[in-house]
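Peer 1: When you get a sec, could you give me coordinates for this:
(2 chains)
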Amino acid sequence: MKVTEKDVAYVAGLANLELTPEEQAGMVRDLNSILQYVDRLNELDTSSVAPMAQVSDRYGVDGSKQGTERFSYASREDIPEGLRKSLPREEALANAPDSDGVFFKVPKVIER
Amino acid sequence: MKDEVNKDKREGQKSGRRTIDSVWLSFRVLNSDHFLSMDLTSLTIDAARSGVQERRTSALALAEAHYARIQKEDGQVGAFLTLSKERALEQADRIDRMAAEGKPLPALGGVPVGIKDVMVTRGVRTTAGSKILANYIPPYDCTAVARLEAAGAVVLGKTNCDEFAMGSSNENSAFHPVRNPCDLTRVPGGSSGGAAAAVAADMAVVALGSDTGGSIRQPASFCGVVGLMPTYGRVSRNGLIAFASSLDHIGPLAKTVKDAASALRTIAGRDPMDSTSADLPVPDYVAELDKPVRGLRLGVAKEYFGEGLDDEVRQAVVAAIDELKHLGCEIVPVSLPHTPYAIPTYYLVATAEASSNLARYDGVRYGYRAPGVKSLSEMYRRSRDEGFGTEVKRRIMLGTYALSAGYYDAYYLKAQKVRTLLVRDFEEAFTKVDAIVTPTSPTAAFRLGEKSNDPLAMYLADVYTVTADLAGIPGISVPCGETKEKLPIGLQILGRHFDEATILRVAHAYEQAA
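Peer 2: Sure, this is the predicted structure:
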């Protein structure tokens, strides 16, 4: 058992999830089973392999250029209003669970 | 099935428009010939567009015929979550007026399409298959959807999917599962299960799906339609609700390879709203289809034909490879030795990215908020726990764990390194071959409930598809026969980065020959 109930509670806290006791138990079981499976990655020696976070600096760009030069096509003039105009307040608040028409409203922030 | 279009918001856009009923009436009077009696729901893009252009039918009649089909079939199938009738009929009216004025219609003029519910649509509810977004009305359009509409497509509605595109069976939808139109006891695959089922059941000509680990190709394979995942960066992700940003792709599901090529041509290309969209010219994929395939070198990797591959699937794929050989392709053995490590790599990279992307659902600006909470932190935790489904929480937990202090190097960094090895496998193979042919999925469609209690078994349904997402290469699934139980089987063709033209050409040649 790699992952204990305590670990699950800690990670749930990091992820801002409040799991029910049943969910916690299921999560301990599932995470252990999945982590046991992914352990097969340790069969591979990757000590001299560079990590890859994403592929788009490798393909579809000018490989002769380095760093930000390589992505110069993605830069643009600074447009004060942006590529897309900001939403009117009414539209920005339209999906809010709670608002006073000017701000998003949330429960009390300071707990102590 | 109710129309969830937010009518109030769209009220202002309707002024000056002729009423749908009057257009419909005049159309029926003018066109009482035999074309009306033909099945309007089994057309390809070209047939639909030219029918509208030449006024043998109308965009309105096409939309109505598809809605009638949805009305009749979708109670059983469950492919759609929301219908956008008002928006569809307005667009159809616009297209019909163009046709009436004798103006040339754009490439998808009048073509009814479905959109997977992970792509935002202005004024039309977009849920990502999640309770947490059950009432979300986006204020803008996804670039790919806007491009389809600008090319004349008529958006019928939003198709069902696994919650946040996390799943391989569509059983993780917070609303209802989708059933495979080929066999209602089976899953349609996932996560773009609704998109695949809608196309397979003639409820849409084309649908847009998204693919992070196989979510376009695997359901296409299960439902017997064509599914194309373009190269990473080929299609803008702007307006695609993020799951794993380095792996997410938008692509079409269609009845023919040519329709998939046509849809890709419409949605592909640089978009300033997505900095990862590539600044490369978009070829005319349709024009390239008829180039000969003779002499193309096709790789076959033993790693895609090993343990776990169903015998009937193997036989069908081997027969398809023989057919391609018969068409003049050269079959070359290649090795992709790190393939067995793709699923563990994927489930670390994808979940880590998901845990970060899904942190935005906090119950403040939009989305579900738990009732009766007393503090801000309680609101976050309870809104997320009540709003997300089990699989989404499982992946957030796994991703958070893989990124947490003490485990980052062992899991996330390790997976990123193995990703490099997987990419090198393909780079090496593509020095020898022009494309690689494999099964799309190790089995045909499985039964509802068969794997829903075993997350690992479900993850393995993506064993042949995740590699392309991790490497960023394009892949297409094209039907290649069926099992004894009449379940469709898919042939997957993988290509070099930004070489969709070649895999479309091979798929088209196979489709025409088969």
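
Peer 1: State the pLDDT value of the residue in chain B sticking out farthest from the centre.
Peer 2: No residue in chain B sits farther from the centre than residue B:374, which is 40.8 Å out by C-alpha atoms, centre = their mean. Note for residue B:374: predicted pLDDT of 92.

Peer 1: Not counting sequence-adjacent ones, nearest residue to it?
Peer 2: residue A:107 (6.2 Å; C-beta to C-beta, 6 or more residues apart in numbering or on different chains). Where you see a C-beta, it was placed from the backbone N, CA and C, and this is true even at glycine.

Peer 1: Residue A:20 too?
Peer 2: With sequence-adjacent residues excluded and distances taken as C-beta to C-beta, 6+ apart, residue A:20 is closest to residue B:385, at 7.5 Å.

Peer 1: Who are the contact partners of the residue lying closest to residue A:4 once chain neighbours are set aside?
Peer 2: With sequence-adjacent residues excluded and distances taken as C-beta to C-beta, 6+ apart, residue A:4 is closest to residue A:28, at 7.0 Å. Counting by C-beta atoms under 8 Å, 6 or more residues apart in numbering or on different chains, residue A:28 touches A:1, A:3-5, A:8.

Peer 1: Kindly report the same for residue B:443.
Peer 2: B:310, B:313, B:461.

Peer 1: residue contacts, residue A:104?
Peer 2: The neighbours of residue A:104, taking C-beta under 8 Å, 6+ apart as the test, are A:93, A:96, A:98, B:364-365.

Peer 1: Let's see that with 6 Å instead.
Peer 2: Counting by C-beta atoms under 6 Å, 6 or more residues apart in numbering or on different chains, residue A:104 touches A:96, B:364-365.

Peer 1: Check those residues against residue B:220 and report the nearest one.
Peer 2: Minimum distance to residue B:220 across those is 34.9 Å, recorded for residue B:365 (C-beta to C-beta).

Peer 1: Give the burial count for that closest one, as a bare number.
Peer 2: Using other C-beta atoms under 10 Å in any protein chain shown, the number of residues around residue B:365 comes to 14.

Peer 1: So for chain B, the centremost residue is which one?
Peer 2: The centre of chain B sits closest to residue B:209, judged by C-alpha atoms, centre = their mean, with a distance of 1.8 Å.

Peer 1: How about the secondary structure of that residue?
Peer 2: strand (DSSP: H, G, I helix; E, B strand; the rest coil).

Peer 1: Read off the pLDDT value for it.
Peer 2: 98.

Peer 1: Would you confirm that it contacts residue B:116?
Peer 2: Yes. Between residue B:209 and residue B:116 there is a contact at 4.8 Å, judged by C-beta atoms under 6 Å.

Peer 1: Give the residues shared as contacts by the two.
Peer 2: Shared contacts of residue B:209 and residue B:116, defined by C-beta under 6 Å, 6+ apart, are found at B:192, B:195.

Peer 1: returning to that earlier point: with adjacent residues omitted, what lies nearest to the residue nearest to the centre of chain B?
Peer 2: Nearest residue to residue B:209, sequence neighbours excluded (C-beta to C-beta, 6+ apart): residue B:192, at 3.1 Å.

Peer 1: Rank the helices and strands of chain A by mean pLDDT and give me the bottom one.
Peer 2: In chain A, no helix or strand scores lower on mean pLDDT, DSSP states H and E than helix A:67-70, which sits at a mean of 84.

Peer 1: Any buried residues in that helix, and which?
Peer 2: Applying a neighbour-count criterion of 16 or more other C-beta atoms under 10 Å in any protein chain shown, one finds residue A:70 buried in helix A:67-70.

Peer 1: Tell me if residue B:398 really is in a helix.
Peer 2: Yes. Under three-state DSSP, residue B:398 sits within a helix.

Peer 1: Tell me the pLDDT of it.
Peer 2: pLDDT, residue B:398: 97.

Peer 1: do residue A:35 as well
Peer 2: Note on residue A:35: pLDDT of 95.

Peer 1: For it, identify the helix or strand it belongs to.
Peer 2: If you go by DSSP states H and E, residue A:35 is part of helix A:21-38.

Peer 1: Name the residues of that helix that are buried.
Peer 2: Residues of helix A:21-38 classed as buried: A:23, A:26-28, A:30-32, A:34-35, A:37-38 (neighbour count, 16+ other C-beta under 10 Å).

Peer 1: now do stretch B:71-78
Peer 2: Of the residues in stretch B:71-78, those buried (16+ other C-beta under 10 Å) are B:73-74, B:77-78.

Peer 1: for stretch B:39-49, same thing?
Peer 2: Residues B:40-41, B:43-49 are the ones in stretch B:39-49 that count as buried (16+ other C-beta under 10 Å).

Peer 1: now these in JSON lines, with distance to chain A?
Peer 2: Output for the buried residues of stretch B:39-49, formatted as JSON lines (distance: C-beta to the nearest C-beta, whole Å):
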{"residue": "B:40", "distance to chain A": "36"}
{"residue": "B:41", "distance to chain A": "34"}
{"residue": "B:43", "distance to chain A": "34"}
{"residue": "B:44", "distance to chain A": "30"}
{"residue": "B:45", "distance to chain A": "27"}
{"residue": "B:46", "distance to chain A": "30"}
{"residue": "B:47", "distance to chain A": "34"}
{"residue": "B:48", "distance to chain A": "32"}
{"residue": "B:49", "distance to chain A": "30"}
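
Peer 1: Next, check those residues against the strands and list the overlap.
Peer 2: Assignment to strands by DSSP state E places none of those there.

Peer 1: Of these, which is the nearest to residue B:142?
Peer 2: Nearest member of the buried residues of stretch B:39-49 to residue B:142, counting by C-beta to C-beta, is residue B:45, at 19.9 Å.

Peer 1: Identify those among the contacts of residue B:443 that sit within strands.
Peer 2: Per DSSP E, those never map to strands.

Peer 1: filter these to the buried ones?
Peer 2: Buried members of the contacts of residue B:443, scored by 16+ other C-beta under 10 Å, are B:313, B:461.

Peer 1: In JSON lines, list the contacts of residue B:443 along with pLDDT and distance to chain A.
Peer 2: Output for those, formatted as JSON lines (pLDDT from 0 to 100; distance: C-beta to the nearest C-beta, whole Å):
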{"residue": "B:310", "pLDDT": "96", "distance to chain A": "21"}
{"residue": "B:313", "pLDDT": "98", "distance to chain A": "23"}
{"residue": "B:461", "pLDDT": "89", "distance to chain A": "14"}
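
Peer 1: Could you look up the SS state of residue B:298?
Peer 2: strand.

Peer 1: What's the separation between the residue nearest the centre of chain A and residue B:381?
Peer 2: For chain A, the residue sitting closest to the mean C-alpha position, by C-alpha atoms, centre = their mean, is residue A:15 at 10.2 Å. Distance of residue A:15 to residue B:381, computed by C-beta to C-beta, to the nearest Å: 9 Å.

Peer 1: near chain B, which residues of chain A show up?
Peer 2: Counting by C-beta under 6 Å from any C-beta of the partner chain, the residues of chain A close to chain B are A:11, A:14-18, A:27, A:30, A:37-38, A:40-41, A:46, A:49-52, A:54-56, A:59-60, A:73-74, A:83, A:87, A:91, A:95-97, A:104, A:106-109, A:111.

Peer 1: Any chance of a PyMOL selection covering the buried ones in these?
Peer 2: The buried residues among the residues of chain A next to chain B can be selected in PyMOL (16+ other C-beta under 10 Å) with this line:
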select buried, chain A and resi 11+15+16+17+18+27+30+37+38+41+46+49+52+54+55+56+59+60+73+74+95+96+97+106+107
